[in-house]
Structure formats: C-alpha cells, structure tokens
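**Q** after the sequence you'll find the predicted model.
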Amino acid sequence: MRMIRMFKTILIPFITAGLFWWILSAWAERTSEAPYCKVENTAIGNSEALVYKAYYNWQFVWIPAGEATFQVRKKGDEIHIKVTGRTYDAYDPFFKVRDYFYSVIDAETMYPKWFVRQVQEGKYTKFDSLVFDHEQGLARSFNGKTKKTAVQKTIPLKDCTHDLLSVLYYMRNMDVSRHTPGEYIPTQILFDEKIYPIKVRYAGKEKGVDIDNIGTFSTVKVIPDLITGNVFKDGNKMTVWVSDDGNKLPLLIESPLSVGSAKAILKKYEGLRHPLRAGL
C-alpha cells in the first residue's frame, strides 16, 4: 500500500503541481477586468514526446518505481496530448499501476476542449471525463469508479480554468522573466468535479543542474504548494527545475513525502520545438 501511494504521489503531482511553474507568468498577462486566456504556441513541438523515470527513496536507497510518458500530436486545429504512467513489470505482482490521461486542446488558444482520465492503482480505479464549453462558462463532467458507472454533472467554470494537462502546455508558452524570486502566483484547474486554486513560488534561476545521460543545464526553479495529507508532510514543498530556454522543459522534480522522498527525472525526449540547450 505504501508503494502504491508513493507512485500516485509521484505521478499525479508530477503532472499537476509539479509542472505548474508555467502558472507564474499567467498572472502577468491578466488585466483588472478579466484574465487573459489566449496564448500563441511558441514552445511545444507538433510531435513532442517526453519520458520521465520515477524514483522512491527509502532509507537512503533510491528505488526505480516506474515511468510517465507525455506524447503530443498536432491534428488540424487541435493539439492532442496523451500521458501514461505505469509501474515497472517487476512490481506488478505486488501492485499494479496503469494511469491514462488524454486532453484535446484548441491549437489557436491553447484552451481545453475535452479531457479524460482513466486510472488503475492497486484496487483503486477512477474514470473522469470533461467536455468544456467556454462560451457558456460550463463543463460537462462524467465521473465515477469506471466509465460504466460515471455520473454526469454540469460544473460552472471560472476564467481561464484548465484541465490537468492543458494547463501544462498552455503555461509553457508564458514568459516568467518579469517575475522576481519569492513571488507567488495563483491560478486554478478543474479536477475531480472541483476547481482547485494552485499557488506557485518562483525561486529564481539555477545553473549546473545535471540530468543523467542528457546534460547539464541552466534552469528556472519553482516551488508549488502541495496539499497536506497522508502522503505529504505539513509544510513540505515540491521543487521543479525547468530548462531555461524556448522549450521550458521540466527536467527534474523532487518532493519529500510523509515517508521517504520521491523524484522524477527526464529520461529521454524527441520532437522538441527548439534545440535543448545542455552544457550551460
């Protein structure tokens, strides 16, 4: 059970809070009347693919636990994003994690159209689908333990509300250079039928961040707030290092847990929009 919670802790916050550094620049684009919700894609390649390896630290030993894969495909006026997370086969006899996420985004605005989440984590299963109607300010949610048992619900949207995946790619097209270290910036996502406020602190830039088999990078460092519970300790923060270049690519995520700690490291990449600037 502890290992199941550990992998959920790595994957879900990794996809959500762990990559929320892009939110920092959203506030700078807001006016006193309404948020600015439309951006031009300048960071994401039409066929980008990223693989991250997740580790759990128990009594000073780093244990490889599984992988998360992010795939982007441009299809006409839409961007399709698929994310899968799984434990390694060696762990399956003890517990089995197979998580699947899919988001369809408007390529012109980087705003979500449709989202689905289907997960299996030990004995826990979950199905969550969202259809966004931004003109009406509503989302149709289909939520349940499985697709067959999912119940429909209409949810009012706030300005610039994103799904779990669309916000990551939307914010990768923002500019954080106007912010100063220590500044907190809020935003929100729709997840599990609720709109959650997220707050991220910009922690400045850091050089010399080494990623095994890829290179050494200059990075932007951010610290998202985490929800305290049975996994995270009270007051602990997840730290994210992002490439300080046109890709704005998450390279390393580290987080203390209630028992041990976890990290996710970029393992491989392809189809980036810009060359990844290593050796800085």
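**A** Now that the structure is in, tell me what you want to look at.

**Q** any chance you could map the helices in this structure?
**A** With DSSP state H applied, the chain shows helices at 2-15, 166-171, listed in chain order.

**Q** which stretch in those helices has the least confidence?
**A** Across these, helix 2-15 has the smallest mean pLDDT, namely a mean of 47.

**Q** where is the longest strand in this structure?
**A** Using DSSP state E to define each element, the chain has its longest strand at strand 194-211.

**Q** which secondary structure elements does that strand contact?
**A** Counting contacts by 3 or more C-beta pairs under 8 Å, 6 or more residues apart in numbering; DSSP states H and E, strand 194-211 packs against strand 184-191, strand 215-224, strand 239-243, strand 250-256. The C-beta positions use only the backbone N, C-alpha and C, and glycine is treated the same way.

**Q** reformat those as TSV; add mean neighbour count and mean pLDDT.
**A** Converted to TSV, these look like this (neighbours: other C-beta atoms under 10 Å; pLDDT from 0 to 100):
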stretch	mean neighbour count	mean pLDDT
strand 184-191	19	71
strand 215-224	20	88
strand 239-243	23	90
strand 250-256	22	87
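
**Q** closest to Arg73 out of the ones you listed?
**A** Closest approach to Arg73 among the helices and strands packed on strand 194-211 (C-beta to C-beta): strand 250-256, 19.4 Å.

**Q** quick check: angle from that closest one to strand 215-224?
**A** 50 degrees (axes from the mean of the first three to the mean of the last three C-alpha atoms, to 10 degrees).

**Q** measure how strand 250-256 sits relative to strand 239-243, angle-wise.
**A** 170 degrees.

**Q** neighbouring strands - and their directions - for the longest strand of the chain?
**A** Strand 194-211 pairs in its sheet with strand 184-191 (antiparallel), strand 215-224 (antiparallel), by DSSP bridges.

**Q** mind putting those strands into a markdown table with distance to Phe127?
**A** Shown next, in a markdown table, are these (distance: least, C-beta to C-beta, whole Å):
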| stretch | distance to Phe127 |
| --- | --- |
| strand 184-191 | 14 |
| strand 215-224 | 26 |
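
**Q** ok, which of the ones you listed comes nearest Arg140?
**A** Between the strands paired with strand 194-211, strand 184-191 lies closest to Arg140; by C-beta to C-beta that is 11.1 Å.

**Q** and the strands paired with strand 194-211: which comes nearest Thr161?
**A** Proximity to Thr161, assessed across these by C-beta to C-beta, is greatest for strand 184-191 (5.3 Å).

**Q** ok so, going back, Ser47 is nearest to which of the strands paired with strand 194-211?
**A** strand 215-224 (21.6 Å).

**Q** in the stretch 101-250 of the chain, where is pLDDT below threshold?
**A** 175-187, 198-200, 225-237 (pLDDT under 70).

**Q** ok, how many other residues are close to Tyr124?
**A** A count of neighbours around Tyr124, defined by other C-beta atoms under 10 Å, yields 11.

**Q** bridging residues for it?
**A** Using DSSP bridges, the beta-bridge partners of Tyr124 come out as Glu121.

**Q** ok, it to Val97 distance?
**A** Distance of Tyr124 to Val97, given as C-beta to C-beta, to the nearest Å: 9 Å.

**Q** then Gly122?
**A** Going from Gly122 to Val97 by C-beta to C-beta gives 7 Å.

**Q** neighbour-wise, which of these two wins?
**A** Just comparing Gly122 and Val97: by other C-beta under 10 Å the higher neighbour count belongs to Val97, 23 against 16.

**Q** just the strands in the stretch 1-150 of the chain please.
**A** 49-58, 61-75, 78-87, 97-106, 112-121, 124-133, 138-144 (DSSP state E, counting those that start in this stretch).

**Q** could I get those strands as TSV with distance to Ile214?
**A** Formatted as TSV, those follow (distance: least, C-beta to C-beta, whole Å):
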stretch	distance to Ile214
strand 49-58	11
strand 61-75	15
strand 78-87	20
strand 97-106	24
strand 112-121	28
strand 124-133	33
strand 138-144	37
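
**Q** what number of residues lie near the residue nearest to Lys145 when sequence neighbours are not counted?
**A** Here the nearest residue to Lys145 in space, its sequence neighbours aside, is Thr125; by C-beta to C-beta, 6 or more residues apart in numbering that works out to 5.3 Å. As a burial measure, Thr125 scores 15 neighbours (other C-beta under 10 Å).
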